[in-house]
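Enquirer: Okay, here's the prediction I keep looking at, along with the sequence it came from:
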Amino acid sequence: MIHPKRRTISSCMLAFLLACCLTVTLRAQQHTSSPTPQTSAALPGSTAGQYADTDICKTCHQEVWDKHFANTPHAALLKGDQHGCQGCHGPAQAHVDGGGDVTKIIRFETLSPAETAAICTKCHQSGLETQNFSKSEHLANGVSCTNCHSPHGSSDVNFLLVKPQTALCYGCHAAQKAEFARPYRHRVDVGLIQCSDCHNPHGTEVGHQVRAAAGQFAVCTKCHTDTMGPFVFEHAPVKTDEGCLSCHTPHGSTNPRLLQVNNVNFLCLRCHTPNMNGAAPGAPSFHNQNSKYQACTMCHTQIHGSNFDPTFFK
């Protein structure tokens, strides 16, 4: 037989469990019938708010969509995005309810470069190209993503640039533009290479936003593979911080081989003199610079490094 007191306790427990189940069921039904409006955390330039219907942007911005945005990579990506334009411009229901109130939506022209970058790098942060933008020289000097890229109106389907890359870089880097007009230069103006082949505009770990070739060699060795090494006997300047720039000017020069001076011997004698205090071997006595001799590199042909001779003979 079950003791009367135990039966009373069991009945109370059963009633309590039934009450709990009923409460959970009622709450679930209430949640289903009255969904909570979808909101977003605050973004730069806007407060948190409710998302509007994805296609409602076209109602007022049809021209922007049809003539510019519809054929861009961003538009293709938005086809599977539940928020559409609001993925970048923030929740738009308050903007719609306000009859297009511009203070209720993120407008990139009102944002600082850092605020713009915070939005763009939500998607463009994982790749090697953009992972260093937060510490790039461009951002540090107030260059915003939208100064170079046009998400809506660019005809460049790859990078959404506001104008061709060379013209875009020349817009700020006028000194480099002049260097590319010199007699000996890298052929950027004719389109053989581009600025981004040597520089990463979104930032790198080294100065001047210079890229690195395979194996972390100087970017110059991407094309000038014969200078890459490693060599048994290395020419010291190649391994210094300046590297190739110790002897060459990278954009353009009035001297052959983009050299910094017009006489190879003068270039060598900047280091190979007695007053270098042993940092570099001085020119030997039989190299009489008072007489006209051929260029040093006529004998020291492997000047970037050698696997056979410490004096870089052939």
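Expert: Okay, I see it.

Enquirer: buried ones in stretch 300-307?
Expert: Within stretch 300-307, the residues that count as buried by 16 or more other C-beta atoms under 10 Å are 300, 302-306. All C-beta spots, glycine's among them, are computed from the backbone N, C-alpha and C.

Enquirer: for this structure, what spans make up the helices?
Expert: Listed in chain order, the helices of the chain (DSSP state H) span 4-33, 57-60, 62-67, 73-78, 86-89, 93-97, 113-120, 137-140, 145-148, 165-170, 174-179, 195-198, 264-269.

Enquirer: How about Lys311: what's its closest non-neighbour residue?
Expert: If you look again at residue 311, you'll see it is Thr, not Lys. Closest residue to Thr311 apart from its sequence neighbours, by C-beta to C-beta, 6 or more residues apart in numbering: His300 at 6.4 Å.

Enquirer: What separation do you get for that neighbour and His152?
Expert: According to C-beta to C-beta, to the nearest Å, His300 stands 57 Å off from His152.

Enquirer: Strands along the stretch 201-314 of the chain, start to end?
Expert: 233-234, 252-253, 305-306 (DSSP state E, counting those that start in this stretch).

Enquirer: rank the helices of the chain by mean pLDDT and give me the bottom one.
Expert: Note on those: helix 4-33 shows the lowest mean pLDDT, a mean of 46.

Enquirer: Okay, now the unreliable bits of the chain?
Expert: 1-48, 80-81, 215, 276-279, 289-293 (pLDDT under 70).

Enquirer: How is it divided into domains?
Expert: For the chain, the structural domains run 54-106, 110-211, 219-306, going by automatic domain parsing.

Enquirer: Can you lay out those domains as JSON lines showing distance to Phe312?
Expert: Output for those, formatted as JSON lines (distance: least, C-beta to C-beta, whole Å):
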{"stretch": "domain 54-106", "distance to Phe312": "50"}
{"stretch": "domain 110-211", "distance to Phe312": "23"}
{"stretch": "domain 219-306", "distance to Phe312": "4"}
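
Enquirer: Could you find the closest non-adjacent residue to His248?
Expert: Leu258 (4.5 Å).

Enquirer: need the contact list for the closest residue to Phe231 other than its chain neighbours.
Expert: Leaving aside its sequence neighbours, Phe231 sits nearest to Gly305 (C-beta to C-beta, 6+ apart; 3.1 Å). Contacts for Gly305 (C-beta atoms under 8 Å, 6 or more residues apart in numbering) come out as 227, 229-231, 233-235, 238, 312.

Enquirer: Repeat the analysis, applying 6 Å as the threshold.
Expert: The contact partners of Gly305, by C-beta atoms under 6 Å, 6 or more residues apart in numbering, come to 229, 231, 234-235.

Enquirer: Quickly list what it is bridged to.
Expert: Glu234 (DSSP bridges).

Enquirer: re the thing from before, let me have the strands of the stretch 201-314 of the chain in a markdown table, adding distance to Asp197 as columns.
Expert: Compiled in a markdown table, the strands of the stretch 201-314 of the chain are given as follows (distance: least, C-beta to C-beta, whole Å):
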| stretch | distance to Asp197 |
| --- | --- |
| strand 233-234 | 25 |
| strand 252-253 | 15 |
| strand 305-306 | 23 |
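
Enquirer: do you know which of these lies nearest Phe180?
Expert: strand 252-253 (5.1 Å; C-beta to C-beta).

Enquirer: can you give me how far the closest one is from the chain middle?
Expert: 27 Å (C-alpha atoms, centre = their mean, to the nearest Å).

Enquirer: Could you list the residues in contact with it?
Expert: 179-180, 182, 184-185.
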